[in-house]
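A.B. asks: The sequence and its predicted three-dimensional model are supplied below.
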Amino acid sequence: MDLVSVRTVRTPSHRDDLALAPGEQPLAGGTWLYSEEQPDTTGLVDLTGLGWPDAEHTPDGLRLGATCTLATLLRLTPEPDWRAWPLVDRCVNALLASFKVWNAATVGGNVATALPAGAVTALLVTLDATAVVWTTDGGERRMPVAELVTGPRTTTLAPGEVVRAFDVPAAALRQETGFRRVSLSPHGRTGTLVTARWSSTDRDTDTGTGTGTAPGTGTGTGTDPGFVLVVTGGVPRPLVLRWDSVPSAAAVDAALADHDDWYDDPHGSPTWRRGVSRRFAAELVAEAGATGHSGSRWTGGVR
């Protein structure tokens, strides 16, 4: 769609040139930006000219640049012990986009747009990724992706802030993952997407440090052992549930049954979304090899 209100397009090459003026919006892939009218947008600032690396292997894991395209993400070569990597392909394919979109849409754009069906958000939340945000004063702040998205099309980004990258911890990448998705039609938008991550061996269970919150309520850092369940698509914002070991199906089902904030739109009713999410959660517990396991402590409320 033509953005008839846009009068300027600029491509900064340094951070000093990045400051957004009133009416300007950051542009990366533009696949959502150009999909509907943007009457309040008078200028675009192309982030791709900043030359951010698509991906960098770090001592702590993997850093994904916010302008990394989905096609580039799919082409990355994981480390041999990154058992979570199949989740990348599953989440990208959950978007049901053509290869043309994959070559334009970006990791950062999918998260910052904050659509409930944003499958890259599901991927990064499941892997306990941290968003690196450039602030307007020239500094940066860091926060879990699970906390960055606050609802449909809403985030904690302040005016003028830009997502620079996502840091994915190696400990999370070394764990096993599971994936379930459903839509009302074969090629429809996601009705609900349920993902999980769990420790399969002792070498996965490095000691975690949490995020400084009270025990039992933290969002984790990717080094926490146990079982993490994430629901997106069927809820307005990512729902993250944590246990210190793989729980019973009954424990997971009870946690989802108690959750009362389910998304309602033409792609699915709240009742249906809750029901299929509960079924998928039970399947993922079984996949983790823990059906009937008892004695697990629920360590994370709704986040």
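C.D. replies: That came through, no problem.
A.B. asks: Any idea how many residues pack against His259?
C.D. replies: Applying the criterion other CB atoms under 10 Å, we find 16 residues in the vicinity of His259. C-beta: built from backbone N, CA, C; applies to glycine.
A.B. asks: That one against Arg237, yeah?
C.D. replies: No - under the contact definition of CB atoms under 8 Å, His259 does not touch Arg237, with a separation of 11.6 Å.
A.B. asks: Which residue comes closest to Gly109 once chain neighbours are left out?
C.D. replies: Leaving aside its chain neighbours, Gly109 sits nearest to Ala28 (4.8 Å; criterion: CB to CB, 6 or more residues apart in numbering).
A.B. asks: And that neighbour, what's its pLDDT?
C.D. replies: Per-residue confidence (pLDDT) for Ala28: 92.
A.B. asks: CA-only coordinates of stretch 246-258 in CSV, if you can.
C.D. replies: C-alpha atoms of stretch 246-258 as CSV (Å, rounded to 0.1, in the frame of the first residue of the first chain):
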residue,chain,number,x,y,z
VAL,A,246,9.0,-31.1,34.1
PRO,A,247,5.5,-31.0,35.6
SER,A,248,2.5,-33.2,35.3
ALA,A,249,0.0,-32.6,32.6
ALA,A,250,-2.5,-31.9,35.3
ALA,A,251,-0.4,-29.1,36.8
VAL,A,252,0.0,-27.4,33.4
ASP,A,253,-3.6,-27.8,32.6
ALA,A,254,-4.6,-26.2,35.9
ALA,A,255,-2.4,-23.2,35.3
LEU,A,256,-3.9,-22.7,31.8
ALA,A,257,-7.4,-23.2,33.1
ASP,A,258,-6.9,-20.5,35.7
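A.B. asks: Give me the residue ranges of the stretch 101-250 of the chain where confidence is low.
C.D. replies: Judged against pLDDT under 70, the low-scoring parts of the stretch 101-250 of the chain cover residues 201-225.
A.B. asks: For Ala55, list each beta-bridge partner.
C.D. replies: Note on Ala55: beta-bridge partners by DSSP bridges are Leu64.
A.B. asks: Counting neighbours, what do you get for it?
C.D. replies: Neighbours of Ala55 under the rule other CB under 10 Å: 18.
A.B. asks: give me every residue that touches it.
C.D. replies: When contacts are counted by CB atoms under 8 Å, 6 or more residues apart in numbering, Ala55 touches 62-65, 68, 72-73, 76.
A.B. asks: Perfect, that will be all.
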